[in-house]
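**Q** Here is the input, now give the coordinates:
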Amino acid sequence: MKLVIGDIHGCLTSLETMLEVVSPSREDLIVTLGDYVDRGPDSKGVIERLLRLKERHNLVHLMGNHEIQMIRALETRQDRERFLSGLCGGRETLDSYGGGFEDVPEEHWNFMRNAVLYHELEEHILVHAGVAAHLPVDEQDRETYYYQRFYSQERHQSGKMVVCGHTIQGDLPTNLGYAICLDTCAYGGGWLSALDVDCGRIWQTNEKGESREMMLGDLPIG
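**A** Reported below is the predicted structural model:
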């Protein structure tokens, strides 16, 4: 199994339910698409859970724009103010830690700083936001990995399927035939979505502890 999990945004119950329902083995690859923090109720719990998962499983965690914003909040006053505004949801993140940046353990900062920009498989490009179609995946502007919107995603020159998050879809993931977006607003009363790219099975879980399954082929293309 190669399991790709969309934007978690502090939704620990959704993440725990996902791992329970899917029950990945130690041999399976798990790739999380970023945005572990902000907006949801328990960003601290999410990162703690992923750190434990990494100890026993093959976990690759990608950088999301909310992680880079949190890191940058330590660097400039402007970035800090933006992070703490209602726009980012950073206040909810710090509240889960105890209220301040100083309450975030160094292990959690390292988890965020060590997140990778993308993960490339034989037939898929896994990235938080997207990639410019005309550039090799390793030659992108860094901001593209974090911030490109899904409606701008075109077929990549490699011919590989792009699997991303970042741009909120509706109740279900969106499949364009050459790109899939898994951000289904876990923190906003929606679903956390995950895809096994090997078989096309999709799982969704929510903060109520509910779950449901479907196949990628069940989604309309376009």
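**Q** quick one, strands of the chain?
**A** Secondary structure of the chain (DSSP state E): strands at 2-5, 29-32, 58-61, 118-120, 124-127, 161-164, 174-175, 179-181, 183-184, 191-196, 201-205, 211-215.
**Q** Could I get the ones you listed in CSV, plus columns for mean pLDDT?
**A** Output for those, formatted as CSV (pLDDT from 0 to 100):
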stretch, mean pLDDT
strand 2-5, 98
strand 29-32, 98
strand 58-61, 98
strand 118-120, 98
strand 124-127, 98
strand 161-164, 98
strand 174-175, 97
strand 179-181, 98
strand 183-184, 98
strand 191-196, 98
strand 201-205, 98
strand 211-215, 97
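**Q** Can you say which of those is nearest to Gly100?
**A** strand 58-61 (24.0 Å; Cβ to Cβ). Quick note: C-beta positions are derived from backbone N, CA and C, even for glycine.
**Q** what helices or strands is the closest one leaning on?
**A** strand 29-32, helix 43-56 (3 or more Cβ pairs under 8 Å, 6 or more residues apart in numbering; DSSP states H and E).
**Q** quick one: contacts of that strand?
**A** 26-32, 34, 36, 50, 53-54, 111, 115-116, 119 (Cβ atoms under 8 Å, 6 or more residues apart in numbering).
**Q** buried ones in it?
**A** Residues of strand 58-61 classed as buried: Asn58, Leu59, His61 (neighbour count, 16 or more other Cβ atoms under 10 Å).
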